[in-house]
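> Got a sequence here, can you model it:
(2 chains)
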Protein chains: 2
Amino acid sequence: MPSLSVFTDVPLAQKLEGSLLKTYKQDDHPNKMFLAYSVCMTKEGQPWVSPMVRKIRLQIAQDPSLNYEYMPVMGMNSFIQASLSLLFGKNSQVIMENRVGGVHTVGDSGAFQLGAQFLKTWYRDSQIVYIISSQKESYGLIFQDLGFSVYECSFWDSTKLCLDPSMLLDVVEQAPRGCVFVMGNVANCKLSQSQWIKLMSMMKSKRIFPFFDIPCQGLSTGDLEEETRFLKYFVSRGFEFFCSQSLSKIFGIYDEGVGILVVVALSNELLLCVLSQLMNYARALWLSPPSTGARIITSILCNPALQGEWKQSLEGVVDNIMLIKEKVKEKLRLLGTPGSWDHITEQKGSHSYLGLS
Amino acid sequence: MPSLSVFTDVPLAQKLEGSLLKTYKQDDHPNKMFLAYSVCMTKEGQPWVSPMVRKIRLQIAQDPSLNYEYMPVMGMNSFIQASLSLLFGKNSQVIMENRVGGVHTVGDSGAFQLGAQFLKTWYRDSQIVYIISSQKESYGLIFQDLGFSVYECSFWDSTKLCLDPSMLLDVVEQAPRGCVFVMGNVANCKLSQSQWIKLMSMMKSKRIFPFFDIPCQGLSTGDLEEETRFLKYFVSRGFEFFCSQSLSKIFGIYDEGVGILVVVALSNELLLCVLSQLMNYARALWLSPPSTGARIITSILCNPALQGEWKQSLEGVVDNIMLIKEKVKEKLRLLGTPGSWDHITEQKGSHSYLGLS
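Residues are numbered from 1 along each chain as shown, chains lettered A, B, ... in the order given. As a prediction, this is how the structure comes out:
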């Protein structure tokens, strides 16, 4: 008698790839192109790797003094410090006051998983999450699986063909008290000083908890400091928040998943409590995060000369992205495609809305 | 008015380190020693790294053709295949029949997290987990956090000073129908052929689901094949099971967390359903696993000459462990410590019970 399988009731899962990729795969047009890849390419059509990475990888491989013992659950401390400096600036208030810290995670998915698990248990104001981003999808599922109610909102205005700050403000106005706000690419949405103040005032009065997503600091403009300046606004207005910072993408080591869940609290004491809880979640998720990627990145960030070279290489990528956008615009113009396509080059960053349906 | 912190109610978490390490840290005896490290040391007192690892790491760093694009969610396919071959043997029945597969995970914690999440949703027979191991702790917490009832059992007989197969059989006899059995170091427990048959018959008739833990294949005896032979018994008796296989430890790259959750199902169709579900959990946990460790290990396993050298280096570690055990026993004898200490050298593996209270 053949046994009955334990897995009899398990259905084939739907692939959770974006609906765009799915549609692309189903389309049998010979000239189809997929424009939403998440990897930066070189002019030669290869995935970009910062040249500094290759250099340091070789140094690490040649270093006989390195050992490969377990890292702490929290991750590599020097990596965490270097990442925080990159995010807030070396002499930032919040670092001086010892009330920002982080847990080294397996990429940004890991950071969101960790943060969401923490909020599920310890954040009691609300179990509602708003994902405010032009790249929705994956993080919503993480919160959803943990039992949060998830709402996704974009602030791309498809008639005016731009990211519209007033749409962002509307979302905050309508959001329920105490909810969690996951905010990606907010730096690309050109808020005026008074709009920032209005945004923060509303969030503050509604006790909305911000969970920022910094997937590729510097890849919008090449100016690393400028792109995270808004974090300082939130710090100075007395916000506590989480922030997922991914570093793999800006060094071109996509296959390593080097991330950090950043925590800003009102005091060092509160921070240590939060970090201690996060550590227990991290232990159950992956015990300790993998080190190679973090080791490479830390070596670059902690050496001013290398950091300078890396920043230059990042600017090269940004220039290349702008060049591609210019070319796309020019091509559309030459083809006589109706309408203005200026919005393509007006948008900063590695991704931009084409304004196609 | 100072704001009220969002984190006001978050207490400092207890560190989940083993109680043994805690007691050790509190002890202020100047000659204290901690004997439960989980890292293999060289004669020079450094964490062991297989020499092959250094060689391959250098090769990878020097290879300009490699890119560092995202890996599939499932992980590196060649790594999965190489790991399965190591576990079951290249020409094993279950590989030929296409009904074993795996998901590349962040270490064994990742494998247990992934497996436990799957079982929570899809395993409907029971929400009871027995952890059968002489090294309890961490995995129990993963299941517990997900809402399983967890029972931990050791089969170390502290009077006879040995791992006792009959204790293992007793546990199975008392366990409830359909529960999940997490079984570590079962290969070190010298079951006779008839005891294996009895064990499997009981587990089969009670529909107990095995979840094996292979943290360091080969580190008990140096004989990789011998140490996982029992998996073949379970396959041939028609069991479906999960198995966490960690590879970081046996290559000495503890800081990489290279693991795999192995799935054996009754058919390829069932297997694909299970893997598709696991992929969605993996995506939410870490998107895709980090590649460096897996890349190194795959390069070694897929090259017969390198694999041979690596096996030799592993045997060296095993010999060194036995030597240390012999020395400990000899020292105890010379000190005139009462009792027989033969059980120290009779136990295989990188760890052994000293029989001290």
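> Spell out which residues of the stretch 201-350 of chain A are next to chain B.
A:204, A:207, A:209, A:238, A:240, A:252-257, A:265-267, A:270, A:272-274, A:276-277, A:279-280, A:283-293 (CB under 8 Å from any CB of the partner chain). No exception for glycine: its C-beta is placed from N, CA and C like everyone else's.
> again, 7 Å this time
With CB under 7 Å from any CB of the partner chain as the criterion, the stretch 201-350 of chain A comes near chain B at residues A:209, A:238, A:240, A:252-257, A:265-266, A:270, A:272-274, A:276-277, A:279-280, A:283-288, A:290-293.
> which of those residues count as buried?
A:209, A:240, A:252-257, A:265-266, A:270, A:272-274, A:276-277, A:279-280, A:283-288, A:290-293 (16 or more other CB atoms under 10 Å in any protein chain shown).
> mind listing which of the residues you listed are in strands?
residue A:209 (DSSP state E).
> Of the buried ones among the residues of the stretch 201-350 of chain A next to chain B, which belong to helices?
A:270, A:272-274, A:276-277, A:279-280, A:283-286, A:292-293 (DSSP state H).
> Could you identify the most distant pair in the residues you listed?
For those, the farthest-apart pair by CB to CB is A:270 and A:292; their separation is 32.7 Å.
> which stretches of chain A have low pLDDT?
The model of chain A has pLDDT under 70 over residues A:1-2, A:16-21, A:36-38, A:134-137, A:357.
> Now do the longest helix that it contains: which elements does it pack against?
For chain A, the helix with the greatest residue count under DSSP H is helix A:304-334. Packing partners of helix A:304-334 (3 or more CB pairs under 7 Å, 6 or more residues apart in numbering or on different chains; DSSP states H and E): helix A:51-62, helix A:292-301, helix A:342-346.
> Centre of the chain to that helix, how far?
Put simply, helix A:304-334 sits 19 Å off its chain's centre (CA atoms, centre = their mean, to the nearest Å).
> Also stretch A:91-104?
19 Å.
> what's the answer for stretch A:35-52, then?
Computed by CA atoms, centre = their mean, the chain-centroid distance of stretch A:35-52 equals 18 Å.
> Would you mind measuring from the most centrally placed residue in chain A to chain B?
By CA atoms, centre = their mean, chain A has its centre lying nearest to residue A:215, at 2.3 Å. Per CB to the nearest CB, to the nearest Å, residue A:215 is found 11 Å from chain B.
> same thing with residue A:314?
As defined by CB to the nearest CB, residue A:314 lies at a distance of 16 Å from chain B.
> so that residue makes contact with residue A:222?
Yes. Residue A:314 is in contact with residue A:222 according to CB atoms under 7 Å; the separation is 6.1 Å.
> the more surrounded of these two?
When residue A:314 and residue A:222 are compared for neighbours, residue A:314 comes out ahead with 24 against 19, by other CB atoms under 10 Å in any protein chain shown.
> burial measure for residue A:229, as a count.
Neighbours around residue A:229, by other CB under 10 Å: 13.
> Do any residues in stretch A:115-122 lie close to chain B?
Yes. Using CB under 7 Å from any CB, we find that stretch A:115-122 touches chain B at residue A:122.
> Which residues of the stretch 1-150 of chain A lie near chain B?
Residues of the stretch 1-150 of chain A lying near chain B (CB under 7 Å from any CB): A:3, A:5-7, A:9-13, A:16, A:39, A:46-47, A:49, A:57-58, A:61-62, A:67-71, A:106-107, A:109-110, A:113, A:122-123, A:141-142, A:145.
> From these, list the buried ones, please.
The neighbour count (16+ other CB under 10 Å) marks A:5-7, A:10, A:13, A:47, A:49, A:57, A:61, A:68-71, A:106-107, A:109-110, A:113, A:122-123, A:141-142, A:145 as buried among the residues of the stretch 1-150 of chain A next to chain B.
> Please flag which of those residues sit within strands.
Short answer: these in strands (DSSP E) are residue A:106.
> The buried ones among the residues of the stretch 1-150 of chain A next to chain B in helices, which ones?
Those of those lying in helices (DSSP H): A:57, A:61, A:107, A:109-110, A:113, A:122, A:141-142, A:145.
> how close does residue A:25 sit to residue B:283?
17 Å (CB to CB, to the nearest Å).
> how far out from the middle of the chain is stretch A:147-163?
Using CA atoms, centre = their mean, the offset of stretch A:147-163 from its chain centre is 17 Å.
> Start and end of it, how far apart?
For stretch A:147-163, the first-to-last residue distance is 30 Å (CA to CA, to the nearest Å).
> Name the residues of that stretch that are buried.
Buried residues in stretch A:147-163 (16+ other CB under 10 Å): A:148, A:150-151, A:153-157, A:161-163.
> Repeat that for stretch A:116-136.
Quick answer for stretch A:116-136 (16+ other CB under 10 Å): A:116-119, A:122-123, A:125-136.
> Centre of the chain to it, how far?
Stretch A:116-136 sits 15 Å away from the centroid of its parent chain (CA atoms, centre = their mean).
> neighbouring contacts of that stretch?
With CB atoms under 7 Å, 6 or more residues apart in numbering or on different chains as the test, stretch A:116-136 has contacts from A:139-140, A:142-143, A:146-156, A:163, A:168, A:171, A:175-176, A:178-185, A:207, A:209, A:213, A:277-278, A:281, A:351, A:353, B:6, B:9-10.
> Go ahead and confirm residue A:11 touches residue B:273.
Yes. The criterion here is CB under 7 Å, and residue A:11 meets it with residue B:273 at 6.1 Å.
> Surely residue A:129 forms part of a helix?
No. If the criterion is DSSP: H, G, I helix; E, B strand; the rest coil, then residue A:129 is strand and not within a helix.
> And it, how far from residue A:142?
9 Å.
> Could you find the closest non-adjacent residue to residue A:348?
In space, and not counting its chain neighbours, residue A:348 is closest to residue A:220: 4.2 Å by CB to CB, 6 or more residues apart in numbering or on different chains.
> For the closest residue in space to residue A:227 that isn't next to it in sequence, give me phi and psi.
Among residues not flanking residue A:227 along the chain, residue A:187 sits closest, at 4.8 Å (CB to CB, 6+ apart). For residue A:187, the backbone dihedrals are phi -70, psi -30 (criterion: degrees, to the nearest 10).
> cool, and the one 3 residues further on?
For residue A:190, the backbone dihedrals (degrees, to the nearest 10) come out as phi -70, psi 80.
> Look at it and say how many residues are nearby.
Neighbour count of residue A:190, defined by other CB under 10 Å: 12.
> Kindly report the same for residue A:29.
Residue A:29 - counted by other CB under 10 Å - has 7 other residues nearby.
> Am I right that it sits in a strand?
No. Using three-state DSSP, the assignment for residue A:29 is coil, not a strand.
> Give me the distance between it and chain B.
Applying CB to the nearest CB to residue A:29 and chain B gives a distance of 25 Å.
> still on that earlier bit, now the nearest residue to the residue nearest to the centre of chain A once chain neighbours are set aside. Its backbone dihedrals?
Once flanking residues are discounted, residue A:215 sits nearest to residue A:246: 4.9 Å by CB to CB, 6+ apart. Per-residue torsions, residue A:246: phi -100, psi 130 (degrees, to the nearest 10).
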